[in-house]
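Below is the structure, and that's it, no one-letter string:
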Ligand code: AMP
């Protein structure tokens with residue numbers, strides 16, 4: 001079967017590598033893709049296919065006898081690309097625009113959770129700036145201010161003082177995030193370790209993946225600015241069985257709520273949770289695979305990924321059961337100097353082959369480009385995701401860092417402490 005994967009990050013490279021390992025896959029078109037390649041995969045550059053043009057994507061898929069379209073990032077899902085693909089009669093992995101609102105509108109997702117009793121932070125939602133400022137004064141700090149719409153991960157301010165909170169509200173209404181900030185959601189501040197639980201679903205059956213824990217801050221010790229994610233591991237040793245069961249129950253309740261709302265949801269639902277002293281509460285939903293969570297989840301999946309995604313897209317996930325490798329997985333992001341601020345591109349990368357020659361190591365490309373002469377150069381903020389598997393958490397961590405040390409490029413920036421806090425146990429989150 002020919003498959004079309006939409007996206008250009010480490011997530012899409014990981015998805016493509018897993019699809020390529022299936023005997024069911026033939027050519028995998030990745031649009032626009034990056035410098036990574038998997039057996040049988042072909043990049044379709046943005047000059048050949050504009051992935052924001054739904055009609056062009058459908059035409060490409062039909063012309064190339066594509067039997068499954070897999071949409072990686074949130075923006076095309078929110079824009080309704082999955083609806084267009086399904087209307088053309090093609091199986092598509094990813095929710096339509098109505099389901100993608102769970103990520104595209106924080107207000108929509110909070111109201112759905114409130115209505116169906118799914119635990120989440122208390123909140124108020126505002127289109128009137130004065131009312132938002134009054135609410136902040138009533139609630140006090142710390143407090144969390146969020147732009148309603150998609151803001152490339154930059155729309156959330158965790159304000160420790162009322163001054164910061166008022167400034168964040170003013171910025172949103174002043175247009176910092178454009179239309180995405182025209183509605184502002186203000187949330188109760190929650191504390192605890194964070195944990196993600198992703199599930200595959202066809203809108204009826206829910207198949208959970210293992211939990212994963214990302215590291216959002218740029219610098220060691222969870223300091224510095226927020227990023228798209230600097231490293232991740234899976235499963236998460238500090239999650240108790242009771243917490244896992246509660247998270248899964250909340251994911252099941254959410255899928256059931258969508259069904260009651262008449263929303264046909266097919267794809268991944270990603271729950272971002274805070275493990276609070278009162279049990280797990282939902283911080284956010286994403287409507288697609290996480291990046292970098294995918295890079296530690298898919299290498300552990302023993303079941304054929306083509307079968308899983310096709311069954312979700314076609315609505316027969318009930319026939320599938322997932323098998324997972326027992327190993328632990330740790331992934332370290334190698335970023336460009338300056339990320340998440342400005343950075344330079346085009347630096348040659350060495351050592352990827354040496355790292356991949358190690359047992360149980362895979363290097364996923366994110367912001368890379370492969371030149372005509374075969375050389376791979378940096379082409380983004382997050383450049384590579386170095387994933388290692390191990391029989392123990394410690395072994396996976398050690399192996400990941402051995403691989404990281406084999407790879408080099410000018411300005412290579414990474415955190416040495418991915419997973420370090422989890423090694424210390426749950427008490428490392430107290431106080
Ligand atoms: P979100 O995009 O909504 O997940 O928010 C991004 C990050 O902000 C989360 O990963 C948390 O670290 C933090 N955050 C979001 N909501 C809250 C909250 N209600 N309380 C404390 N921290 C939060």
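That came in fine, so what should we check first? Every value quoted in this text rests on a predicted model; they were computed, and no experiment measured them.

for the ligand, what are the nearby residues on the chain?
The chain comes close to the ligand at residues 121, 144, 146, 156, 158, 187-190, 194, 216, 272, 283-284, as judged by C-beta under 6 Å from any ligand atom. Every residue, glycine included, has its C-beta placed from N, CA and C.

Can you tell me the closest non-neighbouring residue to residue 191?
In space, and not counting its chain neighbours, residue 191 is closest to residue 276: 6.6 Å by C-beta to C-beta, 6 or more residues apart in numbering.

Revised request: answer the last question for residue 223.
Going by C-beta to C-beta, 6+ apart, residue 223 has residue 217 as its nearest residue, at 5.9 Å.

Quick one: neighbours of that neighbour, just the number.
16 (other C-beta atoms under 10 Å).

so who does it touch?
Each residue near residue 217 by C-beta atoms under 8 Å, 6 or more residues apart in numbering is listed here: 223, 224, 225, 226, 227, 230.

Tell me the one of those nearest residue 50?
The nearest member of the contacts of residue 217 to residue 50, counting by C-beta to C-beta, is residue 227 at 27.5 Å.

Contact partners for that closest one?
By C-beta under 8 Å, 6+ apart, the residues touching residue 227 are 153, 216, 217, 218, 335, 339, 340, 381, 382.

can you tell me how far residue 57 sits from the ligand?
27 Å (C-beta to the nearest ligand atom, to the nearest Å).

Helices of the chain, start to end?
Taking DSSP state H as the test, the helices found in the chain are 10-20, 54-63, 74-78, 81-87, 97-104, 106-116, 129-139, 162-173, 241-260, 294-297, 305-314, 352-357, 393-406, 420-424.

which stretch among those helices comes nearest residue 371?
Per C-beta to C-beta, nearest to residue 371 of the helices of the chain: helix 352-357, 13.9 Å.

Other residues contacting that closest one?
361, 362, 363, 376, 384, 386, 403, 404, 406, 407.

go with 6 Å
Helix 352-357 is contacted from outside by 361, 363, 403, 406, 407, using C-beta atoms under 6 Å, 6 or more residues apart in numbering.

next one: stretch 272-285
102-103, 109, 119-120, 190, 192-196, 243, 246-247, 271.

Buried ones in that stretch, by neighbour count?
Buried positions in stretch 272-285, judged by neighbour count with 16 or more other C-beta atoms under 10 Å: 272, 273, 274, 275, 280, 281, 282, 283, 284, 285.

Repeat that for stretch 139-158.
Neighbour-count burial for stretch 139-158 [16+ other C-beta under 10 Å]: 139, 142-151, 155-158.

So which residues make contact with that stretch?
Residues contacting stretch 139-158 (C-beta under 6 Å, 6+ apart): 104-107, 159-162, 165, 168-169, 172, 177, 180-181, 183, 185-187, 189, 228.

Quick check: beta-bridge partners of residue 124?
residue 186 (DSSP bridges).

can you pull the contacts of residue 89?
Per C-beta under 6 Å, 6+ apart, neighbours of residue 89: none.

quick one: it from the ligand, how far?
For residue 89, the distance to the ligand (C-beta to the nearest ligand atom) stands at 35 Å.

now do residue 354
34 Å.

what's the burial count for that residue?
Count around residue 354 with other C-beta under 10 Å applied: 14.

same deal with residue 64?
Residues near residue 64, counting by other C-beta under 10 Å: 14.

How about the contacts made by it?
residue 2.

follow-up on the earlier one: mean pLDDT and distance to residue 326 added to the helices of the chain, as a markdown table?
Output for these, formatted as a markdown table (pLDDT from 0 to 100; distance: least, C-beta to C-beta, whole Å):
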| stretch | mean pLDDT | distance to residue 326 |
| --- | --- | --- |
| helix 10-20 | 98 | 18 |
| helix 54-63 | 98 | 37 |
| helix 74-78 | 96 | 31 |
| helix 81-87 | 98 | 34 |
| helix 97-104 | 97 | 32 |
| helix 106-116 | 97 | 34 |
| helix 129-139 | 94 | 45 |
| helix 162-173 | 93 | 44 |
| helix 241-260 | 97 | 16 |
| helix 294-297 | 97 | 14 |
| helix 305-314 | 98 | 18 |
| helix 352-357 | 97 | 22 |
| helix 393-406 | 97 | 12 |
| helix 420-424 | 89 | 18 |
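
mind checking which of those helices is nearest residue 412?
Here helix 393-406 is closest among these (C-beta to C-beta), at 8.7 Å.

For the closest one, which residues meet the burial criterion?
393, 395, 396, 397, 399, 400, 401, 403, 404, 406.

residues in contact with the spatially most central residue of the chain?
Compute the mean C-alpha point of the chain, and by C-alpha atoms, centre = their mean the closest residue is residue 290, 1.6 Å away. Residues near residue 290 by C-beta under 6 Å, 6+ apart: 196, 270.

what does residue 32 give?
Applying C-beta under 6 Å, 6+ apart, the residues near residue 32 are 8, 45, 46.

For whichever residue of the stretch 301-431 of the chain sits closest to the ligand, which non-adjacent residue is spatially closest?
Of all residues in the stretch 301-431 of the chain, residue 429 sits closest to the ligand, at 12.5 Å by C-beta to the nearest ligand atom. Among residues not flanking residue 429 along the chain, residue 193 sits closest, at 4.6 Å (C-beta to C-beta, 6+ apart).

Hmm, the one you found is touching residue 430, no?
No: Residue 193 lies out of contact with residue 430 (C-beta atoms under 6 Å); the separation is 9.9 Å.

which one of the two has more residues nearby?
Between residue 193 and residue 430, counted using other C-beta under 10 Å, the more crowded position is residue 193 (20 against 10).

Quickly note the distance from the more buried one to the ligand.
Residue 193 is 10 Å from the ligand, by C-beta to the nearest ligand atom.

Pull out the buried residues from the contacts of residue 217.
227, 230.

and which of the contacts of residue 217 is nearest to the ligand?
Using C-beta to the nearest ligand atom, the contacts of residue 217 come closest to the ligand at residue 226, 6.9 Å.

With adjacent residues omitted, what lies nearest to the closest one?
Counting by C-beta to C-beta, 6+ apart, residue 226 lies nearest to residue 216, which is 5.1 Å off, once chain neighbours are set aside.

List the contacts of stretch 127-137.
With C-beta under 6 Å, 6+ apart, stretch 127-137 has contacts from 124, 126, 165, 169, 173, 183, 184, 186.

in the stretch 201-350 of the chain, what spans have low per-residue confidence?
Across the stretch 201-350 of the chain, nothing is flagged by pLDDT under 70.

Now do the strands in it.
206-208, 213-214, 217-219, 223-226, 231-234, 267-276, 279-286, 328-335 (DSSP state E, counting those that start in this stretch).
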